[in-house]
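> Can you look at this prediction? I've put the sequence above it.
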Amino acid sequence: MQPDAKEDFVPPPTHRAVVIEAGDRVRVRDDVPLPALEKDQFLVRTEFVAVNPSDTKMRGPFVTVGGVLGTDYAGTVVARGTDVTAVDIGDRVCGAQHANERQRASSRVVWHVQRLGRQGLAEAAAVHQHRGRVYFRRRHQHGRSRVEASGTAAARCPGREAGVYPCVRGQHGHGDHCHTAIETVEYVFTSPASANMIPIAACSPKNADQVKAYGAEETFDYRQPDSAAKIKAFTKNNLRYALDCITTVDSTTFCYAAIGRAGGKYVALDPFSPHAATRGNIKTDWVLGPTIFGYGSSWPAPYGRPPSAEIRAYGEKLWAVAQKLVDEGKLRHHPVKVLEESGLEQVATGMEMVKNGKLSGQKCVVRIIS
C-alpha cells in the first residue's frame with residue numbers, strides 16, 4: 001500500500017472535474033457529484049490525465065450539458081467495492097473511462113503499473129485508450145481472433161516467411177493519430193497474436209526513426225506521390241492489411257493503392273468515404289474504440305452502438321494479454337509531453353494544443369496533483 005492511501009478512506013460526495021456547459025464551453029467545476037461506489041467498482045485518485053482528439057470532439061450531440069470530459073488516466077486506488085479483489089487500496093493503475101457516460105472503473109479493464117513507480121504515472125496515462133483501440137482493430141481486421149485463457153493471443157495468421165504485411169498509415173501534425181499508429185506498429189511487433197507479421201508504416205520522415213524503434217520493418221513517406229507504389233514493391237504486391245489512423249479521402253485512397261493485387265482488408269479509425277473505397281476485393285470496416293468496454297454508444301449516427309456482452313468479454317481478455325506485456329516490460333509508452341503547469345485548468349490548454357495540431361510524435365499529458 002502507498003503511504004498516502006488508506007483503507008478507511010471515505011469518498012466525498014462531490015469532486016472537481018472538467019465539464020461541458022451550455023454553448024460547448026469547457027469549465028472546471030468543484031461540485032460535480034461523485035456517484036457512490038457499487039460493489040464491483042473502485043475509485044482512483046487521478047494524478048495524471050492524457051488529452052485525446054476525442055476529447056476535443058465531445059461537443060453538440062456527442063455530449064450532455066454538464067457531462068464530464070476525459071478518458072485516459074493514471075493514479076492510485078483509494079476505495080473499492082466489496083466484490084473487488086483484483087486491485088488493492090494503494091495500487092497504481094492506469095485506465096480509460098468515458099466520464100461523461102457515468103461508467104465507473106472496472107478491475108478487468110485497467111492495468112497495474114506498480115513497476116513504473118510514481119514517476120511513471122505520466123507515461124502510464126498515455127497508453128490506455130489507444131491500446132484498447134489498437135486491440136479492437138485487431139478484432140476487426142482478422143475477424144474473431146482467439147484469445148486464450150492462458151494470457152496469450154493467437155490469430156489465424158500464416159508465418160513470417162509468407163510475407164504477411166500490415167501497413168499503418170499515420171500523419172505528421174496529428175499527434176493522436178501519430179501515436180495511435182506507433183502503438184499499432186508496436187502491438188504487431190510485440191503481441192503473440194501478431195507474431196510472424198511484418199509491420200510497415202506510412203508516416204512523416206520526421207517520425208520514421210521513432211516508428212522503426214517501436215518495431216516497424218520499414219517506413220514510407222506518405223507525402224511522396226510514389227509512396228504507395230514503393231510499398232507495393234517492398235511487399236512484392238502482397239500487402240494484405242491496412243490500418244488507417246487518419247481516415248480522409250486521401251488516406252483511404254493511399255491505403256487502397258498500397259494493398260496488393262490479391263486484395264485484403266482496410267480498417268479505419270472513423271467512418272470513411274465510400275467513394276475512395278474503389279476495389280471490390282478489399283473488405284472494409286471502421287472501429288469505434290470506446291465500445292470495447294461493452295457499453296455500446298449513445299452518440300449520433302453512424303456512431304451509435306448497442307451494448308455487447310461479447311465485446312466486453314473480448315476486451316477483458318485482451319486487457320489480460322496487455323497486462324502480461326506490461327509486466328514483462330514489453331509494452332512501451334508513447335513519448336509524452338507533460339505540460340509545465342499542473343491542475344485540471346490545464347486540460348483546456350492541452351485540448352487546444354491537440355486540436356490545433358501542435359504535437360507530433362508526442363501525447364499531451366496533464367499533471368493533476370502537484
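Good, I have the coordinates.

> and Leu243, how many residues sit next to it?
Using other C-beta atoms under 10 Å, Leu243 has 29 neighbouring residues. (Glycine included, C-beta is placed from N, CA and C.)

> Mind telling me what element it is part of?
strand 239-244 (DSSP states H and E).

> Which other helices and strands does that strand contact?
The contact analysis (3 or more C-beta pairs under 8 Å, 6 or more residues apart in numbering; DSSP states H and E) places strand 239-244 against helix 128-142, strand 165-169, helix 249-258, strand 264-268.

> which residues are contacting it?
137, 141, 164-169, 181, 184, 200, 231-232, 251-252, 255-256, 258-260, 262, 264-269, 272 (C-beta atoms under 8 Å, 6 or more residues apart in numbering).

> Isn't Ser342 up against Arg367?
Yes. The pair Ser342 / Arg367 is scored as a contact, 4.0 Å apart, by C-beta atoms under 8 Å.

> where do the helices sit along the stretch 151-300 of the chain?
Using DSSP state H, counting those that start in this stretch, the helices of the stretch 151-300 of the chain run over residues 175-190, 208-213, 227-234, 249-258.

> hmm, back to that, worst average pLDDT in the helices and strands packed on strand 239-244?
Out of the helices and strands packed on strand 239-244, helix 128-142 stands lowest, with a mean of 53 (criterion: mean pLDDT).

> Ser342 and Arg367: who's more crowded?
A count of neighbours by other C-beta under 10 Å puts Arg367 above the other of Ser342 and Arg367, at 18 against 15.

> which residues touch that one?
Each residue near Arg367 by C-beta under 8 Å, 6+ apart is listed here: Glu47, Phe48, Ala122, Val338, Leu339, Ser342, Gly343, Gln346.

> did I read that right, Glu310 in a helix?
Yes. The assignment for Glu310 (DSSP: H, G, I helix; E, B strand; the rest coil) places it in a helix.

> mind showing which ranges of the stretch 101-250 of the chain have poor pLDDT?
Along the stretch 101-250 of the chain, segments meeting pLDDT under 70 span 101-111, 114-119, 128-163, 171-196.

> and if we set it to 80?
For the stretch 101-250 of the chain, the stretches with pLDDT under 80 are 101-120, 126-166, 170-197.

> on that earlier part again, in the strand holding Leu243, what's buried?
Leu239, Arg240, Tyr241, Ala242, Leu243, Asp244 (16 or more other C-beta atoms under 10 Å).

> do the same with stretch 302-318
Arg305, Ser308, Ile311, Arg312, Tyr314, Gly315, Glu316, Lys317, Leu318.

> what's the neighbour count on Leu359?
21.

> nope, Phe62 is what I was after
Phe62: 16 neighbours (other C-beta under 10 Å).

> I figured it hits Pro300, correct?
Yes. Between Phe62 and Pro300 there is a contact under C-beta under 8 Å: 7.2 Å.

> Domains in the chain, by residue range?
Structurally, the chain divides into domains by automatic domain parsing as follows: 14-127+333-367, 130-293.

> Next, format these as JSON lines and append distance to Asp327.
Below are the domains of the chain laid out as JSON lines (distance: least, C-beta to C-beta, whole Å):
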{"stretch": "domain 14-127+333-367", "distance to Asp327": "7"}
{"stretch": "domain 130-293", "distance to Asp327": "10"}
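
> Thank you kindly, that will do.
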